[in-house]
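Undergrad: Pasting a predicted model and its sequence here:
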Amino acid sequence: MVDVWLPYGKTEVCARIPTRNFLGAIEPKERLGVADSRSEIERALSQPIGTKRLSEIAKEGDKVAIVVDDATRATPSYLMVSPLLDELNRAGVKDEDVTIIFGCGSHRAVKPDEMEKLVG
């Protein structure tokens, strides 16, 4: 048997696989991150590829929805939402005209204390 440890929430679970069925494991290549994630997000918003800036597309009075992952994904939405709101505010969109949608799919609903952790 081969023990394969799989991430599961904040822990791991072990899957025991018969050796004859185990062909091997493929590991992702390690990539260095950027030194300052917020600055990189702001740079991407100020210099979009192939389109105008969000602040040039949106306008005052627009209703905007921002979809973020739920707690089952490791997406750092908390780093992205604030710069997105800043860019929308620059266009005249008011915070009260922005709705955050948690993409839960078939997962349970996001709890109120998780919401703040997810969006910052």
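TA: Received it, and whenever you're ready, just let me know what you need.

Undergrad: Now do the nearest residue to residue 66 once chain neighbours are set aside: how many residues are near it, please.
TA: In this structure, residue 66 finds its nearest non-sequential neighbour in residue 100, 5.4 Å apart by C-beta to C-beta, 6 or more residues apart in numbering. For glycine as for every other residue, the C-beta is placed from the backbone atoms N, C-alpha and C. By other C-beta atoms under 10 Å, 16 other residues sit near residue 100.

Undergrad: Give me the next element, helix or strand, following the longest helix along the chain.
TA: In the chain, with assignment by DSSP state H, the single longest helix is helix 77-90. Beyond helix 77-90 on the C-terminal side, the first helix or strand identified by DSSP states H and E is strand 98-103.

Undergrad: and that following strand, how far out from the chain's middle?
TA: Strand 98-103 sits 12 Å away from the centroid of its parent chain (C-alpha atoms, centre = their mean, to the nearest Å).

Undergrad: quick one: the spatially most central residue of the chain and residue 39, what's the gap?
TA: Centroid-nearest residue in the chain: residue 75, 3.2 Å away (criterion: C-alpha atoms, centre = their mean). Per C-beta to C-beta, to the nearest Å, residue 75 is found 18 Å from residue 39.

Undergrad: now residue 63
TA: Applying C-beta to C-beta, the value for residue 63 to residue 39 is 29 Å.

Undergrad: Could you do residue 114 as well?
TA: Separation of residue 114 from residue 39 (C-beta to C-beta): 27 Å.

Undergrad: So for stretch 68-79, what gets flagged as buried?
TA: 68, 69, 70, 71, 77 (16 or more other C-beta atoms under 10 Å).
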